[in-house]
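Student: Test case, fold it:
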Amino acid sequence: MPYVTADDGAKIFYKDWGTDGSPVLLSHGWPLNSDAWEAAALFLAEHGHRAIAHDRRGHGRSSQTWHGNEMDTYADDLACLIEHLDLRDLTLVGHSTGGGEVVHYIGRHGSARVSKVVLVSAVPPLMLRTDDNPEGLPIETFDEIRAGEAANRSQLYRNLADGPFFGHNRRHDVDQGFRDAFWLQSMACGHRAAYECIAAFSATDFRPDLAKIDVPTLVVHGDDDQIVPFEVGGKRSAEMIDGAVLKVYEGSGHALPDTDRDRLHADLLAFIDA
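Tutor: Okay, here's the model as predicted:
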């Protein structure tokens, strides 16, 4: 299995599918891994692109490090992978926490190697409610997730899969296989990594990163997202990124790579190939 070594020696697992086409790097959400993007990676590779997806440190097959489970290190790990593979003219695609990772990469490392960005149900600009971010969610929301992670993470992941990840308040018709895959991938994430990543995705202020994005950007968000509400995430990110294109999936929730797979794949391909 291919790995790249991060600056602190951590091993970051990645998949590299396809050959000669323009590269697309897919960054997954919490607490999943690159398997969450396999359908999209296969689709893109079959349509002439080179598709790369990695397991964030602490997740999946990557090293379960004690330190570095925060957004600065995630972005630097991504830079190591991009430089290791010498990716250029790159489209960065991030789902949920992965959206934070890709915009923070641009914030820390610039866009010299990047041609386009796609944010899918992504956590930017800032999920946590603060004095200067009154639109955010209360800290109790994330404290509850942390408590579930600490007490019985297996049950937490089942509850998320049966509830808000795929749609609970207005239930979505989702195959059991998608729920099972969510639980299996989540259980492959290290306990400390999963716990600390909650703060990384909820409390990191991505607004300075969004201001630095100077490449064409597509923002895709479901208007019934119960993890990252549209008004908290996609709507505001699209407003903050110069020239961003916003696509709203009416009636759709958070797990667009699963629940809206065909539509998302078509939108990704059209945007990348434009």
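Student: C-alpha only now, for contacts and for neighbours.
Tutor: OK.
Student: From the chain's centroid, how far away is stretch 91-98?
Tutor: Mean C-alpha position of stretch 91-98 versus that of the full chain (Cα atoms, centre = their mean, to the nearest Å) differs by 4 Å.
Student: quick one: average confidence on it?
Tutor: Per-residue pLDDT over stretch 91-98 has a mean of 99.
Student: Next, the contact list for the nearest residue to Lys212 once chain neighbours are set aside, please.
Tutor: Of all residues not flanking Lys212 in the chain, Gly107 sits nearest, at 6.1 Å (Cα to Cα, 6 or more residues apart in numbering). Residues counted as contacts of Gly107 (Cα atoms under 8 Å, 6 or more residues apart in numbering) are Pro208, Asp209, Leu210, Lys212, Ile213.
Student: Could you pull up phi and psi at the third one?
Tutor: Spelled out, that is Leu210. phi -60, psi -40 (degrees, to the nearest 10).
Student: do the last one as well
Tutor: Dihedral angles of Ile213 (phi, psi; degrees, to the nearest 10) stand at phi -70, psi 120.
Student: Tell me how many other residues surround it.
Tutor: Neighbours of Ile213 under the rule other Cα atoms under 10 Å: 23.
Student: want to try JSON lines for the contacts of Gly107, with distance to Ala147 as columns?
Tutor: Formatted as JSON lines, the contacts of Gly107 follow (distance: Cα to Cα, whole Å):
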{"residue": "Pro208", "distance to Ala147": "30"}
{"residue": "Asp209", "distance to Ala147": "30"}
{"residue": "Leu210", "distance to Ala147": "30"}
{"residue": "Lys212", "distance to Ala147": "35"}
{"residue": "Ile213", "distance to Ala147": "35"}
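Student: now the helices: where do they sit in the stretch 151-274 of the chain?
Tutor: 176-187, 191-203, 207-211, 234-240, 256-259, 261-273 (DSSP state H, counting those that start in this stretch).
Student: for the third one, which positions count as buried?
Tutor: For helix 207-211, a neighbour-count test (16 or more other Cα atoms under 10 Å) marks Arg207, Asp209, Leu210 as buried.
Student: quick check: mean pLDDT across stretch 66-75?
Tutor: Per-region confidence: stretch 66-75 scores 98 on mean pLDDT.
Student: So which bits of it are buried?
Tutor: Gly68, Asn69, Glu70, Met71, Asp72, Thr73, Tyr74, Ala75.
Student: Extract the CA atoms of that stretch and return them as CSV.
Tutor: Extracted C-alpha coordinates of stretch 66-75, given in CSV (Å, rounded to 0.1, in the frame of the first residue of the first chain):
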residue,chain,number,x,y,z
TRP,A,66,-0.6,11.3,19.6
HIS,A,67,0.1,14.8,18.3
GLY,A,68,-0.9,16.7,15.2
ASN,A,69,-4.7,16.0,15.2
GLU,A,70,-5.5,19.5,14.2
MET,A,71,-6.1,21.5,11.1
ASP,A,72,-2.6,23.0,10.6
THR,A,73,-1.0,19.6,10.6
TYR,A,74,-3.7,18.1,8.4
ALA,A,75,-3.0,20.9,5.8
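Student: Relative to the whole chain's centre, how far out is that stretch?
Tutor: Taking mean C-alpha positions (Cα atoms, centre = their mean), stretch 66-75 and its chain are 15 Å apart.
Student: in what helix or strand does Glu38 lie?
Tutor: Secondary structure assigned from DSSP states H and E places Glu38 in helix 38-46.
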